[in-house]
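1. Take this sequence and fold it.
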Amino acid sequence: DVAGEEVLARERRDLEEDRRRLELEAAEGRRALESEAAEMRRALESTLKEDRRALELTQKEDRRALESAQRSLKEDRRVLQEERAHFAAEIAVRTADRVLLDVGGRHFSTTRRTLQAARTAAPESLLGAMFGGKQEERLQPDKEGRVFVDRNGAMFEYILDFLRGFSAGDEHAAFAIHALPETQIMTMRKELNYYGLHSAVFPPIPF
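-> Residues are numbered from 1 along each chain as shown. Take a look at the predicted model:
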């Protein structure tokens, strides 16, 4: 009948409106989700970009620090090599300059520089001549490399200390000799005369 048809028509219209409303709500929901997703992507990309910049900056700083450390290490290695070379050269000079003596059975170790100071203290000194020129070539060291001098070894110890002090510029280099007891001074004067150093240790007093 007519009434029933009108009811069906109205229900169809209501269903159609519900369907359109649902479709509209679904479309709006999709748009909202898409907008939210786009915003999240932008935020993520921005974060990733910032992180990438921070990482690149950190890597650049690390590279600079590493390069600086490498330069510093290279410089330290160069300085160390120079110091080693200098030390080796110094040791070689010291070894070449070393002199071993056997004076009256007592062993001494000194340098040519110290012994040659005798020539400065007294130009005609024996030790300066022995170890300062062609005379040295005539010396005959023993198997241990010691040059034997048949003199008083106890007195020579004082004489060698005098030469060490004299070569270092010590104005009181002869103090220990002057302080010897009178009983030993005569023996010391004989030894100094032998080595040609008496005038250097006991300079004549001017009148």
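2. Against which helices or strands is the least confident helix or strand in the chain by mean pLDDT packed?
-> One helix or strand of the chain scores below all others by mean pLDDT, DSSP states H and E: helix 2-97, with a mean of 84. Using 3 or more Cβ pairs under 8 Å, 6 or more residues apart in numbering; DSSP states H and E as the contact test, no helix or strand touches helix 2-97. In this view, the C-beta of every residue, glycine as well, is placed from N, C-alpha and C.
3. could you say which helix or strand contains Gly148?
-> Gly isn't right for residue 148; it's Phe. Assignment of secondary structure by DSSP states H and E places Phe148 within strand 146-149.
4. swap in Ser109?
-> strand 106-111.
5. what's in contact with that strand?
-> 94, 97-102, 146, 153-154, 156-157, 160, 163-164 (Cβ atoms under 8 Å, 6 or more residues apart in numbering).
6. could you redo the last one with a cut-off of 10 Å?
-> 93-94, 96-102, 117, 127, 131, 144, 146-147, 149, 151-154, 156-157, 160, 163-164, 167 (Cβ atoms under 10 Å, 6 or more residues apart in numbering).
7. buried subset of those?
-> 99, 101-102, 117, 127, 131, 146-147, 149, 151-153, 156, 160, 163-164, 167 (16 or more other Cβ atoms under 10 Å).
8. just checking, which of those residues belong to strands?
-> Of the buried ones among the contacts of strand 106-111, the ones assigned to strands by DSSP state E are 99, 101-102, 146-147, 149.
9. nearest to Asp62, of these?
-> Of all those, Asp62 sits closest to Val99, with 57.7 Å by Cβ to Cβ.
10. before we move on, what SS does Leu180 have?
-> Following DSSP: H, G, I helix; E, B strand; the rest coil, Leu180 is assigned to coil.
11. distance of the nearest residue to it once chain neighbours are set aside from Gln59?
-> Closest residue to Leu180 apart from its sequence neighbours, by Cβ to Cβ, 6 or more residues apart in numbering: Met188 at 5.9 Å. Distance check for Met188 against Gln59: by Cβ to Cβ, to the nearest Å, it reads 78 Å.
12. For the two, indicate the residue with more neighbours.
-> Ranked by neighbour count (other Cβ atoms under 10 Å), Met188 and Gln59 place Met188 first, with 20 against 10.
13. Correct me if wrong, but Gln140 is in a helix.
-> No: remark: Gln140 does not belong to a helix; assigned using three-state DSSP, it is coil.
14. if we can go back for a sec, now find how far off-centre the strand holding Phe148 is within its chain.
-> Its chain's average C-alpha position is 40 Å from that of strand 146-149, according to Cα atoms, centre = their mean, to the nearest Å.
15. what do you get for stretch 168-183?
-> With Cα atoms, centre = their mean, you get 41 Å for stretch 168-183.
16. Can I get that stretch in PDB, CA atoms only?
-> Only the C-alpha atoms of stretch 168-183 are listed here, as PDB (Å, rounded to 0.1, in the frame of the first residue of the first chain):
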ATOM      1  CA  ALA A 168     135.600  23.600  34.700                       C
ATOM      2  CA  GLY A 169     136.800  27.100  35.700                       C
ATOM      3  CA  ASP A 170     137.000  26.400  39.400                       C
ATOM      4  CA  GLU A 171     139.200  29.100  41.000                       C
ATOM      5  CA  HIS A 172     139.800  26.900  44.000                       C
ATOM      6  CA  ALA A 173     140.700  23.800  42.000                       C
ATOM      7  CA  ALA A 174     144.000  23.400  44.000                       C
ATOM      8  CA  PHE A 175     142.400  23.700  47.400                       C
ATOM      9  CA  ALA A 176     142.600  20.000  48.200                       C
ATOM     10  CA  ILE A 177     146.300  19.900  47.300                       C
ATOM     11  CA  HIS A 178     147.100  23.000  49.500                       C
ATOM     12  CA  ALA A 179     145.200  21.300  52.300                       C
ATOM     13  CA  LEU A 180     147.500  18.300  52.400                       C
ATOM     14  CA  PRO A 181     149.500  17.800  55.500                       C
ATOM     15  CA  GLU A 182     153.100  19.000  55.400                       C
ATOM     16  CA  THR A 183     154.300  15.400  55.400                       C
END
